[in-house]
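Asker: below is the structure, and that's it, no one-letter string:
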């Protein structure tokens, strides 16, 4: 790829934001802020276009106010004020949305926007070591809650790529996916109960290990993306750190040959904690391979018993499917570790890529196994074609599986292409549209774990059943009669 | 227990039903029936009070018509007619509700009731052996769908106690729990996509192995209990029959000692397919024990690999917790088989119990481990006290675990008591109220897998968060504007 000069972002001092349209009422003045830095840092998420906008100082959708609740009662007061004044309220956790989920772009019919930053509610409030569960405030970040749980010898083991900044409340609101490649792929699989402040009152479910009492109230908040209320805390299942671990990497001649093996492993009921298949390009990009072969990063873990038996069986299945276990050498390093470091480091590269003139976007989806080969080929071809048409030669498209189910994988496509300075946003949207159209046409979901936000609305609307959309609108109108909660996310603003 | 004479039920010929208030329109006349037998057999579910009512010929809530759709379009036509005419529509699968879920007791504001019997939609329509999934019509019963899947060497492995009569659509609508004691406890854990006819149109989700696109549409139908529409088919995950199995039974001196062991097994991540703990009375009742000890029925299964390793580890944990593996003898039989036969046979006993004058009821719930000891003791004491006060001496209360989670079990209480002829329904309600009050007061759920129906409403209303109830009402009003779908279940009738 031929790249342009290295670009510096606009400095904070040079920023010009629209004047705030709101004054906080006296009762909320202590927790509301309208300085440039605070407003600018709540104006965007962390998608490629967000980073581009940030570089260029384009903060036109900055919130009028940023509120930092100190306690749940502050959230209640905020929503009451917003409802009365027709002010949009946007729950803000770590601000790591890559789909416009926290962007204050709410349309012209609100009298202002308040971004509600939950960062002050970051405590593990209670640990139940008998039931292995913890009550944690929604604003606790990954490292923050893990440090507090660690004092009790426990861990949540939910490690999305945004782990270092994102929060428990954000994970639940967006159905974030985490560490485990099988069984407990999404945060809601760990949720015992959720507590949220809605405009009409407190929504708190009972703490239960399981239930069959009607529709699950927790499953109606999971994925609600801030449209029903502000999640303030949750009981989640935690566990001791694993003491038995086994990890291997296995080479395959092609991605789809590896996929057949992953299908066999997932359908065998072996439940690996890690089962990430990288295509040759992705393996090379993450320095886990040399680009000549697809790579399966396989891991088992347990806090109770040795895991050699399932690993042995999984490696048998790999051998049956033509896989070759990689040897570890001091020189090349351990492919498993290389992949893990690259995984956690990747989001931090986005700023650098923008500075260097590289357009980047990821598409994460899920599809059943029987459609995978054509799905993979067509979505990849659509991405390659769009990148070439929009950005010219030199683009790259990679694919990996992030999670697997007995009936299909969650493929994750990465697109890297040379951007034209000043045209990145239009270029990004052109690629986004083409690839998302292909994903929908081939039967996939517009998102497996990045959420819908504002950017995915067009495809989400095509994907969801229309009576379900009507049910969502009806539910929201009942819980949020003034239509203030994160307008434009999931459904059209109610005003 | 001193029992009365054996009572015969009212004969079909002697039945008197209220005259039907409805005539089917010509377009639906072919699929609508109003003969006495058809109406009577759709007037009640299968709870103790339903059986009592049936014995005594009390069919006052019989539906005016019973419709038997031959295809999905029939369901659409039925709901259109019901919406236009203000007629309540009650989806009817196997009719095995034990909570009044199919009882046409809809209040005075409807012009009649149609029970929609899905029995004609009983086919496995498609099998995808690659992804291991099948598209099955909602009216397929347990044995019916297993026989059809068996032709492909596959099984759903969902075996609720009502298995022989109940249907896929009923399971999904009520979040039925099945065979697996861990991991996939409820039917929704096997659901890939659901298709339902609502009064405003077809609600069909994409077939996906996983997704994070907003609130799950499938999770909003699972547990909707017929209040949003009629489920007509679903894609569900299926699997080959297990070829590796291991089962053991383990004795414990007390139920709570056994419970501590079950907690250790569930938190070890061993994932037994069966892990049913029976207290001494329950073990004796099911002829799996002699009444001197609690019994753990433990099983592992796999279609891929031997399961001796997890069984060995589970038995180590049993030994650490004071458990003794039962020896099998030709004379006493196998406790595991005894329990399985008693489990599947139990529902058929209900008629006999009524005939013999024995009041029976079961209470199934879930609770986190740290509250289990006091929960168990207080709920059991409340049941014993209520049975004694209501029915006098001679009652029995037993407990078992039906399913287990890392954070708690699903306890299942059985009450048997001598009934007074003619007062059974009032006696049943008095016991139901006392035990349900105790379950709610001690933090449990009013139902782990029997559903809410009409009978559990009082406690369900206490349990669910009020803003969630408002969201449900809003969702229903949007999808079912005439309020015809199963009125009185989950929420108050909309008219």
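Answerer: Perfect, I can see it now. The structure presented is a predicted model; accordingly, all values stated were derived computationally and were not measured. Residues are numbered from 1 along each chain as shown, chains lettered A, B, ... in the order given.

Asker: what residues does the stretch 301-450 of chain A put near chain B?
Answerer: Contact residues, the stretch 301-450 of chain A versus chain B (Cβ under 8 Å from any Cβ of the partner chain): A:302-305, A:309-310, A:313, A:366-370, A:403, A:405-410, A:443-450. Bear in mind the C-beta positions are built from the backbone N, C-alpha and C, glycine included.

Asker: hmm, who's touching the longest helix seen in chain A?
Answerer: For chain A, the helix with the greatest residue count under DSSP state H is helix A:335-356. Under the criterion Cβ atoms under 8 Å, 6 or more residues apart in numbering or on different chains, residues A:3-4, A:6-9, A:46, A:48, A:51-52, A:55, A:96, A:161-164, A:247-249, A:274, A:276, A:278, A:283, A:285-289, A:295, A:297, A:299, A:326, A:328, A:359-360, A:416, A:424 lie in contact with helix A:335-356.

Asker: give me the buried entries from the residues you listed.
Answerer: Buried subset of those (neighbour count, 16 or more other Cβ atoms under 10 Å in any protein chain shown): A:46, A:48, A:51-52, A:55, A:96, A:161-164, A:247-249, A:274, A:276, A:278, A:283, A:285-286, A:288-289, A:295, A:297, A:299, A:326, A:359-360, A:416, A:424.

Asker: looking at this, residue A:276 is in a strand?
Answerer: Yes - Residue A:276 forms part of a strand when assessed by DSSP: H, G, I helix; E, B strand; the rest coil.

Asker: the nearest residue to it once chain neighbours are set aside: what's it in contact with?
Answerer: The shortest distance from residue A:276 to any residue other than its chain neighbours is 4.5 Å, reached at residue A:297 (Cβ to Cβ, 6 or more residues apart in numbering or on different chains). Residue A:297 makes contact with A:247, A:249, A:274-278, A:288, A:335-336, A:339 under the criterion Cβ under 8 Å, 6+ apart.

Asker: in what helix or strand does residue A:297 lie?
Answerer: Here residue A:297 sits within strand A:294-302, counting by DSSP states H and E.

Asker: mind listing what that strand pairs with, with the direction of each?
Answerer: Applying DSSP bridges, strand A:294-302 is found paired with strand A:244-252 (antiparallel), strand A:274-278 (antiparallel).

Asker: the first one: what's the following helix or strand?
Answerer: Moving toward the C-terminus from strand A:244-252, the next helix or strand (DSSP H and E) is helix A:255-267.

Asker: what's the angle between that following helix and strand A:244-252?
Answerer: 150 degrees (axes from the mean of the first three to the mean of the last three Cα atoms, to 10 degrees).

Asker: and the residue of the stretch 151-300 of chain A that's closest to chain B?
Answerer: In the stretch 151-300 of chain A, the residue that lies nearest chain B is residue A:209 (3.4 Å; Cβ to the nearest Cβ).

Asker: could you report the neighbour count for that residue?
Answerer: Neighbour count for residue A:209, taken as other Cβ atoms under 10 Å in any protein chain shown: 24.

Asker: is it true that it touches residue B:410?
Answerer: Yes - if you go by Cβ atoms under 8 Å, residue A:209 and residue B:410 touch, sitting 7.5 Å apart.

Asker: doesn't residue A:414 lie inside a strand?
Answerer: Yes - using three-state DSSP, the secondary structure at residue A:414 is a strand.

Asker: now it: how far from chain B?
Answerer: Per Cβ to the nearest Cβ, to the nearest Å, residue A:414 is found 18 Å from chain B.

Asker: which residues are in contact with the nearest residue in space to residue A:365 that is not next to it in sequence?
Answerer: In this structure, residue A:365 finds its nearest non-sequential neighbour in residue A:444, 3.9 Å apart by Cβ to Cβ, 6+ apart. Contact analysis of residue A:444 by Cβ under 8 Å, 6+ apart lists A:365-367, A:375, A:379, A:411, B:208.

Asker: quick check, residue A:323 in contact with residue A:258.
Answerer: Yes - under the criterion of Cβ under 8 Å, residue A:323 makes contact with residue A:258 at 7.1 Å.

Asker: which residues are common contacts for those two?
Answerer: Taking Cβ under 8 Å, 6+ apart as the criterion, residue A:323 and residue A:258 both touch A:250, A:252, A:296.

Asker: show me the beta-bridge partners of the second one.
Answerer: Read that as residue A:252. residue A:294.

Asker: and the next helix or strand past the helix-or-strand element of chain A with minimal mean pLDDT?
Answerer: One helix or strand of chain A scores below all others by mean pLDDT, DSSP states H and E: helix A:335-356, with a mean of 83. Proceeding N to C from helix A:335-356, the next assigned helix or strand is strand A:358-364, under DSSP H and E.

Asker: which helices and strands does that next one pack with?
Answerer: helix A:48-56, helix A:335-356, helix A:372-391, strand A:408-418, helix A:424-441 (3 or more Cβ pairs under 8 Å, 6 or more residues apart in numbering or on different chains; DSSP states H and E).
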